[in-house]
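# Have a look at this prediction, sequence included:
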Amino acid sequence: MNGCKRVAAIQDLSGLGRCSLTVIIPTLSAMGVQVCPVPTAVLSAHTGYSEFVIRDLTDFIHPALEHYKRMDTHFDCIYSGFLASAEQIDHCLEFFAAYPDALKVVDPVMGDDGKSYATYTGELCKRMSELVAVADIITPNITEAAILLGEEYPSMPLGSSDARSWLVRLSEQGARIVVITSVNLAGGGMHTIGYDRDTNSFWKIRNDYVRGAHYSGTGDIFASVLIGSLLKGDSLPIAMNRATAFAELNVKVTYSYQQPWTEGLMLESQLPWLTSYQQLDGYSVL
């Protein structure tokens, strides 16, 4: 397994609903990346279902880290996503500090469609900025970007200059690479936009938006493909293009079957796409 990258994924594990670890593991595995799950909680179904059983695993995270340190375990990437408490943010910070050479990726899962999630308190949203400050890469959606910046959710499409400003201001909080999803750009429809501070370059990928198609786990799949692509040496726009294309493929397939949003994306039969040849030329300069 020489050359196999290894990611520690600090996320929840939900039995029903195809999100977090249940999509992160197969997606990155299909790309030839080993995933070591660090579960923050185990749920019978994700929180979008009307009822679920949950077991909090906050007290597991620190002992797991200490074990990995004793074993001198190497990680190429530490990847955090949905977190349930401020204490879990402390544990993520411990992981990041323990592996300073690893790529630090934060998906600041806090909200969508202009609203924060019910489980995210003001304190938790505020403390998310501590993770963002030490991250190399952050992948907020436009709602989460607005929360991090203290901005109102944009009711009108963003102009290119405003979009670039948001990316730069988020990067100034710490991350050298910022990717924002679900951005409605003026005159251009829905986009994914990105910024690489090292090269001072701005990129955009137009999304083939399917109206009314909104599924759990889409952001997890997007971030996983982005991470896998970057770990394997892709440039930022190629990684963004690959992640967007795979997410769109899954959305369209799932929508064609008219599946409930709670069941997530039908990615199982689409995983071979990740190892096939793709013509990735849908990116352009923002």
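Noted; the coordinates are in hand.
# Listing request: residues of this structure with sub-threshold pLDDT.
1-2 (pLDDT under 70).
# All the helices of it, residue numbers only.
When assigned using DSSP state H, the helices of the chain occupy the ranges 21-30, 58-70, 86-98, 122-134, 142-149, 160-171, 218-231, 236-256.
# For the ones you listed, state which one has the densest average packing.
Highest mean neighbour count among the helices of the chain (mean count of other C-beta atoms under 10 Å): helix 218-231, with a mean of 26. Where you see a C-beta, it was placed from the backbone N, CA and C, and this is true even at glycine.
# So which residues make contact with that one?
Contact partners of helix 218-231, identified using C-beta atoms under 8 Å, 6 or more residues apart in numbering, comprise 5, 7, 11, 19-20, 23-24, 27-28, 31-33, 76-77, 79, 81, 103, 105, 107, 109, 137, 139, 141, 179, 181, 192, 236, 238-240, 242-244, 246-247, 250-251, 265, 267, 274.
# go again using 7 Å as the cut-off
Residues outside helix 218-231 that contact it (C-beta atoms under 7 Å, 6 or more residues apart in numbering): 5, 7, 19-20, 23-24, 27-28, 31, 33, 76-77, 79, 81, 103, 105, 107, 139, 141, 179, 181, 238-240, 242-243, 246-247, 250-251, 265, 267.
# Please apply the same query to stretch 43-62.
10, 12, 14-17, 19, 38-42, 84-85, 87-88, 91, 94, 119, 216, 262.
# which one of the helices of the chain lies closest to residue 208?
Closest of those to residue 208 is helix 236-256, at 5.3 Å (criterion: C-beta to C-beta).
# can you give me the angle the closest one makes with helix 218-231?
Per axes from the mean of the first three to the mean of the last three C-alpha atoms, to 10 degrees, the angle that helix 236-256 makes with helix 218-231 is 150 degrees.
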